[in-house]
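K.L.:
What shape does this take:
(4 chains)
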There are 2 protein chains.
Amino acid sequence: MEMNPETLAALGEPNRLRIIELLRAGPRPVNDIRGRLKLRQSQASQHLKVLKDVGLVEMEPRAQQRFYRLRAEPLKQLHQWLDRYRHIWEERFEALDEIVEELKRKEQLDAAGKDR
Amino acid sequence: MEMNPETLAALGEPNRLRIIELLRAGPRPVNDIRGRLKLRQSQASQHLKVLKDVGLVEMEPRAQQRFYRLRAEPLKQLHQWLDRYRHIWEERFEALDEIVEELKRKEQLDAAGKDR
DNA sequence: CAAGAATATTCGTTGACACGAATATTCGTG
DNA sequence: CACGAATATTCGTGTCAACGAATATTCTTG
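P.N.:
Below you'll find the predicted structure:
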């Protein structure tokens, strides 16, 4: 499972991240996004273009408005990718480490004990 | 729940992403990372510095080597953040929409039926 | 404490990108 | 088909970040 840096880079830009967060609630036309996030018109369009190019959003024209909505795939994929790091925050490994450490210490004590 | 763009931006750089993926298996000294990913020495150090600054990794000196390891917090946080988008890829909502649509259609048919 | 290994930091260069203003495009309506 | 609303695209500018080379720092060992 490989994760694609471009998706992450796209999310790494503050205004784009805000757009993603806004779209979580559902599809919106550009002008709505622009208004809520206080962006210039070109800014809104440009960022949406980047997001669309990496596949994070898709667009549906509706008269002269364009509705943008989140696409499931990349978000799901990113989530799955992170799942592979679960062991980092589920402390089992650290606990295991500690147990191993303790065992080592015990063995040493035992070994030392033999000589006493 | 807010997600911080800097973390994502840090992950958005290809070489840094590779470093993160490499560190998933456990802590490593700089030279090991450098070797496996075929980076220049300064590149390795610089990227590791960025990762450390955003808190994605931490460093532990060991003689003149420095071991870098993943930090749980930001990864866990990112995972949780993505959890809030679950409804996007778990099609329940779309399914629900369809059901609603069908119900509407049915009602109309029923209403029409009454007059026949 | 000199020397070497491992790593960090500095610095100049270059390319990419965000921004804003201006212009172009698309589409419904009179 | 002219017009206006909504959006996209282009272009010039400034900033920032990645890179590579060089230098500095840290730490161990003889």
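K.L.:
need the residues of chain A near DNA strand C, please.
P.N.:
Applying the criterion CB under 7 Å from any atom of the strand, the portion of chain A that neighbours DNA strand C consists of A:13, A:15, A:39-43, A:46-47, A:50, A:61, A:63-64. C-betas here are computed from N, CA, C, even on glycine.
K.L.:
Of the residues you listed, which belong to strands?
P.N.:
Using DSSP state E to define strands, the subset of the residues of chain A next to DNA strand C located there is A:P61.
K.L.:
of the residues of chain A next to DNA strand C, list those near chain B.
P.N.:
The residues of the residues of chain A next to DNA strand C that also fall near chain B, by CB under 8 Å from any CB of the partner chain, are A:E13.
K.L.:
Going by neighbour count, which of the residues of chain A next to DNA strand C are buried?
P.N.:
Buried members of the residues of chain A next to DNA strand C, counted by 16 or more other CB atoms under 10 Å in any protein chain shown: A:13, A:15, A:39, A:47, A:50.
K.L.:
which one among the residues you listed gets closest to B:A25?
P.N.:
For B:A25, the closest of those turns out to be A:E13, at 30.1 Å, with distances computed as CB to CB.
K.L.:
OK, contacts around the closest one?
P.N.:
A:47, A:50, B:5, B:9 (CB atoms under 8 Å, 6 or more residues apart in numbering or on different chains).
K.L.:
Which residue, other than its chain neighbours, is closest to the first one?
P.N.:
Looking back up the chat, that one is A:H47. A:R16 (4.9 Å; CB to CB, 6 or more residues apart in numbering or on different chains).
K.L.:
mind checking which helix or strand of chain A has the lowest mean pLDDT?
P.N.:
Ranked by mean pLDDT, DSSP states H and E, the weakest helix or strand in chain A is helix A:92-115, scoring a mean of 50.
K.L.:
just to revisit the earlier point, just flag the most distant two among the residues of chain A next to DNA strand C.
P.N.:
Checking the residues of chain A next to DNA strand C against each other with CB to CB, the farthest-apart pair comes out as A:E13 and A:A63, at 29.2 Å.
K.L.:
ok, back up a step: okay, now the residue nearest to A:H47: neighbour count?
P.N.:
Counted by other CB atoms under 10 Å in any protein chain shown, the residues lying close to A:R16 total 22.
K.L.:
Just want to check the distance between it and DNA strand D.
P.N.:
13 Å (CB to the nearest atom of the strand, to the nearest Å).
K.L.:
distance of that residue from B:D83?
P.N.:
20 Å (CB to CB, to the nearest Å).
K.L.:
show me the contacts for the nearest residue to A:N15 once chain neighbours are set aside.
P.N.:
What sits nearest to A:N15 in space, not counting adjacent residues and going by CB to CB, 6+ apart, is A:H47, at 5.6 Å. Residues in contact with A:H47 (CB under 8 Å, 6+ apart) are A:13, A:15-16, A:19, A:39.
K.L.:
can you redo those as a markdown table with pLDDT and distance to A:I88?
P.N.:
Converted to a markdown table, these look like this (pLDDT from 0 to 100; distance: CB to CB, whole Å):
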| residue | pLDDT | distance to A:I88 |
| --- | --- | --- |
| A:E13 | 98 | 26 |
| A:N15 | 98 | 30 |
| A:R16 | 98 | 26 |
| A:I19 | 98 | 29 |
| A:L39 | 98 | 36 |
